[in-house]
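Peer 1: Quick one, fold the following:
(chains A, B, C, D, E and F)
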There are 6 protein chains.
Amino acid sequence: MFYYKQELINPIVPDKPDPAAAKVLQEILGGRFGEMRTMMQFFFQSSNFRGKAAQFRDLLKGIFLEEIAHVELVQHTINALLDDTGAGQAGDAGADGAPLDEAVKDGLPHHFIMGAQASLPEDANGNPWMGSYVYDHGNLAANLLDNLVLESTGVLQKTRIYEMSSNKALRETVAFLIVRDNAHQNAFAKGLESLGVDWAKLFPIPNYDINKYPECRKYVEMGFHNVQFNFRLDETRIAEVLNGQSPSRNGGEYSVVQPPEGHPVPELPERPNEHAPGLTDLNR
Amino acid sequence: MFYYKQELINPIVPDKPDPAAAKVLQEILGGRFGEMRTMMQFFFQSSNFRGKAAQFRDLLKGIFLEEIAHVELVQHTINALLDDTGAGQAGDAGADGAPLDEAVKDGLPHHFIMGAQASLPEDANGNPWMGSYVYDHGNLAANLLDNLVLESTGVLQKTRIYEMSSNKALRETVAFLIVRDNAHQNAFAKGLESLGVDWAKLFPIPNYDINKYPECRKYVEMGFHNVQFNFRLDETRIAEVLNGQSPSRNGGEYSVVQPPEGHPVPELPERPNEHAPGLTDLNR
Amino acid sequence: MFYYKQELINPIVPDKPDPAAAKVLQEILGGRFGEMRTMMQFFFQSSNFRGKAAQFRDLLKGIFLEEIAHVELVQHTINALLDDTGAGQAGDAGADGAPLDEAVKDGLPHHFIMGAQASLPEDANGNPWMGSYVYDHGNLAANLLDNLVLESTGVLQKTRIYEMSSNKALRETVAFLIVRDNAHQNAFAKGLESLGVDWAKLFPIPNYDINKYPECRKYVEMGFHNVQFNFRLDETRIAEVLNGQSPSRNGGEYSVVQPPEGHPVPELPERPNEHAPGLTDLNR
Amino acid sequence: MFYYKQELINPIVPDKPDPAAAKVLQEILGGRFGEMRTMMQFFFQSSNFRGKAAQFRDLLKGIFLEEIAHVELVQHTINALLDDTGAGQAGDAGADGAPLDEAVKDGLPHHFIMGAQASLPEDANGNPWMGSYVYDHGNLAANLLDNLVLESTGVLQKTRIYEMSSNKALRETVAFLIVRDNAHQNAFAKGLESLGVDWAKLFPIPNYDINKYPECRKYVEMGFHNVQFNFRLDETRIAEVLNGQSPSRNGGEYSVVQPPEGHPVPELPERPNEHAPGLTDLNR
Amino acid sequence: MFYYKQELINPIVPDKPDPAAAKVLQEILGGRFGEMRTMMQFFFQSSNFRGKAAQFRDLLKGIFLEEIAHVELVQHTINALLDDTGAGQAGDAGADGAPLDEAVKDGLPHHFIMGAQASLPEDANGNPWMGSYVYDHGNLAANLLDNLVLESTGVLQKTRIYEMSSNKALRETVAFLIVRDNAHQNAFAKGLESLGVDWAKLFPIPNYDINKYPECRKYVEMGFHNVQFNFRLDETRIAEVLNGQSPSRNGGEYSVVQPPEGHPVPELPERPNEHAPGLTDLNR
Amino acid sequence: MFYYKQELINPIVPDKPDPAAAKVLQEILGGRFGEMRTMMQFFFQSSNFRGKAAQFRDLLKGIFLEEIAHVELVQHTINALLDDTGAGQAGDAGADGAPLDEAVKDGLPHHFIMGAQASLPEDANGNPWMGSYVYDHGNLAANLLDNLVLESTGVLQKTRIYEMSSNKALRETVAFLIVRDNAHQNAFAKGLESLGVDWAKLFPIPNYDINKYPECRKYVEMGFHNVQFNFRLDETRIAEVLNGQSPSRNGGEYSVVQPPEGHPVPELPERPNEHAPGLTDLNR
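Peer 2: Predicted coordinates:
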């Protein structure tokens, strides 16, 4: 069973509204290599795990738990980037110059029409997330390799996005996730190390340069690339896999630690033009 | 952030393997009205909530938390029903009479070939789960009505499935979920009551007769149709909505209570023919 | 605007329930060459028509109108074939030997669980109908050629299905539709004839032998292969295209005639096990 | 069987071409809560209806018939908004500055390339319409509740769109449909009233203010929010449900009336650059 | 078995980067009437061919082989149009004004984030290519008619695209493919001629005017509209179908000839910001 | 450009028709880890390759070429397994006991109705192949890792299928492909070795035992697990990567060799009941 404390795993840094940034973060939320996939892939792999080597089941389940919090973080970052934009500027209904053009050109018609300026379970092209993204091969070596690929695409996509935008809300969330994907890459690589592989200097994939990404550097200096947060309220054998030398070319010791301190979940303002939440209407 | 204790929300009752039952439970897991949808729909609705009426946000989030545990329960029930079936009976590889025919006739090729006799994020027809199943209208009244429909389809589909099979593992899981969907129906109906609606004798939809479903009767007698389990580790305002007279024609008081006692998560045996998990191979 | 008289375009012949026949008719309803596609393809082509040659717009619209009635006919044929089968035989809920196995082996879990033993907008594999099936090329010659292909696939699929089953309900509906698809093939071929093409003996595609299909012979003898029914309540120029020698190798004169006499729409019995329609429950 | 008079259910008001408005109306045509869905959902629900309470079957079928005309109205509004735009301005083929950039930025490549500047069965993101959008639960209470949600999303999406654009063609069509969705919301709410529910002041959802939407006010003043048009050429029992006090907080009497007067279906000009319809070419 | 020489079937003409042109060419690559479809449709039709009339199997297979080279040509044209654009201009990571906005407005987030500025198997709306696009009816006349439609849509879409852009790289590739689609239209029309049809002046569909498309004129003057290239290393009976008078209204003799001379496959530069290919990183 | 010799890469061994075996091979053809995916994934990765390390581009392209022949081999194996089954046994059209039931229970309605008993671009559940299966990350290390996973799933799925059936046609094709997937696993592992990784005893994944699969043993004894066939008609640098010690725990030297001797492509008989190819009809 799953328990919850209403706290975000990382703070959302304020910056101006930026619908294009929100749009592109949809790839990180609902894209085929995004947080919804990692969350559901590790959920299925851990529930379907066979055999007695429960340290690997705990590895899969441990990272799954963090991915739910990643989904939550990206949802709220998208919401922050969408707010005070679009329809909110249109003023009264009869006004010319309403922002339909912009919503269309930013590829966001769904966000303003289907929902009320908020995140959706789809990618940056508007394709709905699909269960067929989830791979559970039922074989541990294949699953660990596949998860490695998945975390690598996480770093790849997020470093590319980071370089494309200077919006601070986008960059802070993305930088945190880059370092965490890096940590998970190391974790799955450790899993394969324990089966005999020597990775030499392959990781991280891609070999991103934290000097180009100051926000990443901050999280690396906090050691977030070489730890796994433990969200279990009971015993876990995850540390049997995750300990000792990090498989990263950058070295360090890998360890299992307590979750980071939480951050407040933002409260979104009402949007009367969107009839959201519409309670005022009902009490008129 | 999300925390976890490795316990199932309801026990899995032993019975003989039953691939057709596993197949049909895939609808409950990954179908368009299944547990993956309720989980993700309430996740998005609660993260995207607007305004200060946080008691409704807590209502959505509270039920979301339970739905994660429902997904986990159905995954494990499917796994129990698939095990010791299919490839496991084939004996050595060269034997005639291997069970490919059966896997095909039961519509389970993916379960034996893509995964290792385990649950998948798809429906009973093999269609992958889709993000477009998730509805977040961004308007509270519309969302509550929609969630009511969703919980009603839950009871509808599960009572239909219950009547089609006498497998005890299927029936116990399904009966528990019928009563919990009933409770969630009552919860969302309470939400609309607080906006002024009088439901008269409409609920439950459908008006299932617990005398036909002895397992359901057991859970109703435990009061599980008129409570919401609280998985929050911090404060929640959910009880501002969920209290007092139940909106069900069957009456009773609705209340928010502690989660039920947990049950052990089953350990699945290795399946060498499926190369699952394949660790033994690696140590040969 | 569209008007309606509650009458089927052809009678549904009684025969015993036959879930596999119902399953395969789903291809004719919701498959990529089925009646939902012809209906929507001709709807979009006629609404999007450009230019003054309105006789072609009326051709497209005229056949579209009949296709709505075809969709209705196939829905009701599927319902007739599903009824009194499956869950209906299960008796009381506690009985062993409930028919879940059969529903799964016939590939019909959706029909018994999601709906209440009734037709669905999907194909015989359970794939949902898709808007991308609809082709409107915006060029008349291309559209007429494409519609020819579509009607040919109609005859192909339905003659194949006819030969695979001896169920009388299936055969009567399918035979009527074979002859009507043949008539529409002739109609679109006439459209291209008026642009100069000489089809020689190409049609019908495929060159099905009505001696093998006695029900088809009946409809051919009624002349149904060389007429277009006119469902317009106002003027139409369709007869400017559809007149004179039929393009079929079997010859005859093509004409536009009044719709056939209608047949009663069947009333489906209640299914308490399916909670359908469930009104009795509400009045208990 | 279905009959037709070539008349639109509401006039298309002239305004300048507006591709972004056309794009966003695709959501209303082919989106998951659009007119194609309501049309097909009520078609399947009415054909699959069980039992003797035919007044409800007639309710479902009656609204289905109007939805076909809504699909037709939105197709023609999109076509009007697309015309004289895009490729039509490109002049001769060799000219620089051709409008590919604009078509791409408006998200309309399909409209200019696959079709000839005309409507498509897809949503505002370009996702094809899917049969899985159609819900027929096979239980009357669940279906009525679901249809209520659907009509509420209709009002929600259309009022949001109205506020985003000042294009008169878009606004007139959208305003008419808002009031009709409101009427259908009232109709399904009446259906549930007859099963005992008291809606208090819940409807309309959302509680849109007709003072903000002058075109809506016009249709409300014509009483279009409290009537159902009758497109049946035979008897119907729909008025057994739809009569007496409207369930809307705004009160009034609900009644079944004759269809509104029809309006001419626009004739679209030829587009030689699009080879549409291309007949001239053939006679060169 | 399939052999390969690393040469393009047509040269890629240099012009400035043009992301919108790249975007629209995705329709030609991965759209429902694009080169991936023709390639896979003719592959399946030829592998599944029945009977002894092998000249038709060789016709289908012969055109299939050319379509693989068309896919390759469009991939490389898209890559040429994307390069030196977007992220490449962003300069150092911390710079403001990074091109995320542009990538989003051009509908290209996938091209810059999921891949490294390169082609994808999807259409111009970002919808993934689907196997359901492939039609193999299993009947020769139906298949030939269908292939005719497909080649007609090829000419239609490409002439429309040609007129929308003056980019030389786009125009050269598109013009070559227009003339080749025209040749394949003639080839399938010949196939139906041999079954008796007289096409009169129907082809080409659409009746595009090569005077408007100077690049097309060049290829027509080279005779590319009335030849089929032969990529077989063994014997083929294709010339039994493809010989004599062309079915085009423009006349000429159709013949089977050697493939055209090849052109160098471009080498794409490294993109460090995209971590592509990332080898340098690994050797740091 | 691509050249062709009409020869299969491996012989099809005769055995009795086996529709369930054909059904399950659809996963190998059109499943998300099947031959269509490997073919298209390596096609896109090689066309989109960046930088001067052309030995890796040649590696990707070299394996792509073989995968086209694998697609062809599986298409023909499916066709062999379907023939003389199903509709072919139905005899005259009027006979009772026609095989619709069997086609439905084997999940093959599309194979008998949409096509004429032949292969389709879909998986064993009937889901169409999707372009979103293709991963090209634009980063060499990520692509090589991903391709490793893909080849591992190939071995996993095929060994599971092998054990489920004793049909000789299925087993021979599957065994050949197991060994070739193993060889490609070794090839991509070599690629990563050249970037520094030491795989120890990880490969093959899964660690299948050739003693259980006599047909595999035959191909291993022929050395097919440690060679790459060269289908290039020009120079290639592939051998710069593929040489020296095999990365497999089973050792051996890896080398690039000529393609194997070809095998005749089967000629499929006409199926008059399926109107395939239907030429006889046309000449009646």
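Peer 1: Say whether chain F is contacted by the host helix or strand of A:V24.
Peer 2: If you go by DSSP states H and E, A:V24 is part of helix A:19-30. No - judged by C-beta under 8 Å from any C-beta of the partner chain, helix A:19-30 makes no contact with chain F; its nearest approach is 12.5 Å. To be clear about C-beta, it is placed using only N, CA and C from the backbone, and glycine gets the same treatment.
Peer 1: Which elements pack onto that helix?
Peer 2: helix A:35-47, helix A:54-82, helix A:140-164, helix A:168-193, helix E:100-105, helix E:109-113 (3 or more C-beta pairs under 8 Å, 6 or more residues apart in numbering or on different chains; DSSP states H and E).
Peer 1: and if we set it to 6 Å?
Peer 2: On a contact count with 3 or more C-beta pairs under 6 Å, 6 or more residues apart in numbering or on different chains; DSSP states H and E, helix A:19-30 meets helix A:54-82, helix E:100-105, helix E:109-113.
Peer 1: weakest of those in terms of mean pLDDT?
Peer 2: Here these differ in mean pLDDT, and the lowest is helix E:100-105 at a mean of 82.
Peer 1: Is chain D within reach of that one?
Peer 2: Yes - using C-beta under 6 Å from any C-beta of the partner chain, helix E:100-105 reaches chain D at E:K105.
Peer 1: That helix - contacts with which helices or strands?
Peer 2: helix A:19-30.
Peer 1: Give me the angle between the helix holding A:V24 and helix A:140-164.
Peer 2: Helix A:19-30 and helix A:140-164 meet at an angle of 180 degrees, taking axes from the mean of the first three to the mean of the last three C-alpha atoms, to 10 degrees as the criterion.
Peer 1: what does helix A:19-30 contact?
Peer 2: Helix A:19-30 has contacts (C-beta atoms under 6 Å, 6 or more residues apart in numbering or on different chains) with A:34-36, A:74, A:78, A:81-82, A:85, A:106-108, A:121-124, A:129, A:161, A:165, A:167, A:170, B:131, E:100-101, E:104, E:109, E:113.
Peer 1: So what's the residue count around A:E7?
Peer 2: The number of residues packed near A:E7 is 17, by other C-beta atoms under 10 Å in any protein chain shown.
Peer 1: contacting residues around it?
Peer 2: A:262, B:1.
Peer 1: Setting the sequence-adjacent residues aside, check what's closest to A:V155.
Peer 2: Spatially, and ignoring its direct neighbours in sequence, A:V155 is nearest to A:D181 (4.9 Å; C-beta to C-beta, 6 or more residues apart in numbering or on different chains).
Peer 1: What is the distance between stretch A:185-196 and the centre of its chain?
Peer 2: 22 Å (C-alpha atoms, centre = their mean, to the nearest Å).
Peer 1: quick check, it touching chain E?
Peer 2: No - using C-beta under 6 Å from any C-beta, stretch A:185-196 stays clear of chain E, with a minimum separation of 13.8 Å.
Peer 1: Any chance you could list what contacts that stretch?
Peer 2: Here stretch A:185-196 has contacts from A:59, A:144, A:147-148, A:151, A:199, A:203-204, A:228, A:241-242, A:246-248, B:282, F:200-201, using C-beta under 6 Å, 6+ apart.
Peer 1: tell me which parts of the stretch 101-250 of chain A are close to chain B?
Peer 2: A:115-116, A:118, A:121-122, A:128-132, A:134, A:136, A:138-140, A:195, A:231-234.
Peer 1: Against chain D, how distant is the residue in the stretch 51-200 of chain A positioned nearest to chain E?
Peer 2: Across the stretch 51-200 of chain A, the shortest distance to chain E (C-beta to the nearest C-beta) belongs to A:N125, at 3.2 Å. Relative to chain D, A:N125 is positioned 8 Å away (C-beta to the nearest C-beta, to the nearest Å).
Peer 1: and if you look at A:Q55?
Peer 2: With C-beta to the nearest C-beta as the criterion, A:Q55 and chain D are 40 Å apart.
Peer 1: which parts of chain A sit against chain F?
Peer 2: Chain A comes close to chain F at residues A:137, A:139, A:141-142, A:145-146, A:149, A:152-153, A:156, A:196-202, A:205-206, as judged by C-beta under 6 Å from any C-beta.
Peer 1: Now list the buried members of those.
Peer 2: With burial judged by 16 or more other C-beta atoms under 10 Å in any protein chain shown, the buried subset of the residues of chain A next to chain F is A:137, A:139, A:141-142, A:145-146, A:149, A:152-153, A:156, A:197, A:199, A:201-202, A:205-206.
Peer 1: so what's the residue most central in space within chain A up against?
Peer 2: Residue closest to the average C-alpha location in chain A (C-alpha atoms, centre = their mean): A:H70, at 3.9 Å. Residues near A:H70 by C-beta under 6 Å, 6+ apart: A:E35.
Peer 1: hmm, 7 Å instead?
Peer 2: A:35, A:177 (C-beta atoms under 7 Å, 6 or more residues apart in numbering or on different chains).
Peer 1: what do you get for the one 4 residues further on?
Peer 2: Contact analysis of A:V74 by C-beta under 7 Å, 6+ apart lists A:25, A:28-29, A:35, A:173.
Peer 1: Just the buried subset of these, please.
Peer 2: Buried by 16+ other C-beta under 10 Å: A:25, A:28-29, A:35, A:173, out of these.
Peer 1: Export these to TSV and append columns for pLDDT.
Peer 2: Shown next, in TSV, are the buried ones among the contacts of A:V74 (pLDDT from 0 to 100):
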residue	pLDDT
A:L25	97
A:I28	98
A:L29	98
A:E35	98
A:T173	98
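Peer 1: Out of these, which comes closest to chain C?
Peer 2: Using C-beta to the nearest C-beta, A:L29 comes nearest to chain C of the buried ones among the contacts of A:V74, at 24.1 Å.
Peer 1: This completes my enquiry, with thanks.
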